[in-house]
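**Student:** What follows is a predicted protein model with its sequence.
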Amino acid sequence: MYRMMKSEKITLDHAISGPLSSYRQIKIGLFDGLGAALDACGVANNKLGGHYYVLNGSGEEYYGGTWIH
């Protein structure tokens, strides 16, 4: 099972430090096959903007043809 995720930048307002940038990870969908997950991720990155990526069942990200953790 593969998860398509979206990384979304958010700004937190800290009382002392001021604005702080953080990233929220949002699960977009589940896929049985890696090819389908990568295809959907490619379409989302091209059409929707933002950063979409694929995770495997161990939480590793598929990047540049290999799994990274």
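**Tutor:** Happy to help now that I have it.
**Student:** Relative to residue 22, how far out is the residue sitting furthest away from the middle of the chain?
**Tutor:** The outermost residue of the chain relative to its centre, with distances by CA atoms, centre = their mean, is residue 16 at 30.1 Å. Noted for residue 16: a distance of 16 Å to residue 22, by CB to CB, to the nearest Å. Where C-beta positions appear, they are placed from N, C-alpha and C, glycine not excepted.
**Student:** just to revisit the earlier point, give me the three-state assignment for the residue farthest from the centre of the chain.
**Tutor:** Under DSSP: H, G, I helix; E, B strand; the rest coil, residue 16 falls in the coil class.
**Student:** Adjust the sequence numbering to begin at 47 for everything that follows.
**Tutor:** Yep, numbering from 47; the last one is residue 62 now.
**Student:** which ones are touching it?
**Tutor:** Going by CB atoms under 8 Å, 6 or more residues apart in numbering, residue 62 touches no other residue.
**Student:** Residue 83 too?
**Tutor:** Counting by CB under 8 Å, 6+ apart, residue 83 makes contact with 48-50, 77, 100.
**Student:** What pairs with the helix or strand harbouring residue 76, parallel or antiparallel?
**Tutor:** Following DSSP states H and E, the helix or strand that holds residue 76 is strand 64-77. Strand pairing for strand 64-77, using DSSP bridges, gives strand 48-60 (antiparallel).
**Student:** follow-up on the earlier one: what about the residue farthest from the centre of the chain, distance to residue 56?
**Tutor:** For residue 62, the distance to residue 56 equals 19 Å [CB to CB].
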